[in-house]
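J.: What follows is a predicted structure for the sequence shown.
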Amino acid sequence: FEHESAQPLPGKDAFRQHRAGQQIAALQADHGGNRRHGILQRMPPQHRRRRQEELCAEFGLDTHLGDLAGSVPLGFRQRLALACALLHQPPILFLDEPTSGVDPQARRSFWGLIQREARRGAAVLVTTHFMEEAEYCHRVSIMAAGKLIALGAPGELKHRYAQSTMQGVFISLLKPEAVP
């Protein structure tokens, strides 16, 4: 991904070789010419350290900072990935299934953070297989077989397809007669 203003959520397997705490600190460096980390080099060191400390406290990362990231639970790696994505407060976030593998409490916390980032003015694009999570989004696109089959606000889609939940919308769209 080329634009340094946008920040994708690092994959949960991206951290296997590093200690969790080192992973957050290592984001200061430009890894292999990957420009998206270059913006962190321009953050004043005091601001970067303060953000790292804030995110570690907010995500409860302190307990495993000395452990190899690949050896900690999946939910912890997801929290670590989200913390790394948020470090420089990017204006655009791409979050690919950010709540996959996390417990229900962490899932609620993640969505609180995602909504906070949206209120801050960030454009947040989320992929999810959990249709109840689509309820939290301002706008939803539903795809099937690589084609866009529905687009709109959750309330609008529920009204259009006469369903009370996004899960109902999704199921109704999977019926062969419903797909355009």
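T.: Okay, I see it.
J.: Can you tell me the SS state at the residue most central in space within the chain?
T.: Nearest to the geometric centre of the chain sits L95, at 3.1 Å (C-alpha atoms, centre = their mean). Using DSSP: H, G, I helix; E, B strand; the rest coil, the structure places L95 in strand.
J.: And the one 3 residues further on, by the same measure?
T.: P98 falls in the coil class when you classify it by three-state DSSP.
J.: Next up, phi/psi of it, please.
T.: Main-chain dihedrals, P98, degrees, to the nearest 10: phi -60, psi -20.
J.: Give me the contact list for the longest helix seen in the chain.
T.: In the chain, assigned by DSSP state H, the helix with the most residues is helix 104-120. Contact with helix 104-120 is made by 58, 75, 78-79, 82, 86, 89, 93, 95, 98-99, 102, 124, 126, 133, 136, 138, as judged by C-beta atoms under 8 Å, 6 or more residues apart in numbering. Backbone N, C-alpha and C define where each C-beta goes, glycine included.
J.: And those, which of them are buried?
T.: By neighbour count, with 16 or more other C-beta atoms under 10 Å, the contacts of helix 104-120 hold 75, 78-79, 82, 86, 93, 95, 98-99, 102, 124, 126, 133, 136 as buried.
J.: picking that back up, wait, isn't the residue nearest to the centre of the chain in contact with L125?
T.: Yes: under the criterion of C-beta atoms under 8 Å, L95 makes contact with L125 at 7.0 Å.
J.: all strands of this protein, in order?
T.: Listed in chain order, the strands found in the chain under DSSP state E are 6-8, 92-96, 123-127, 140-144, 147-152.
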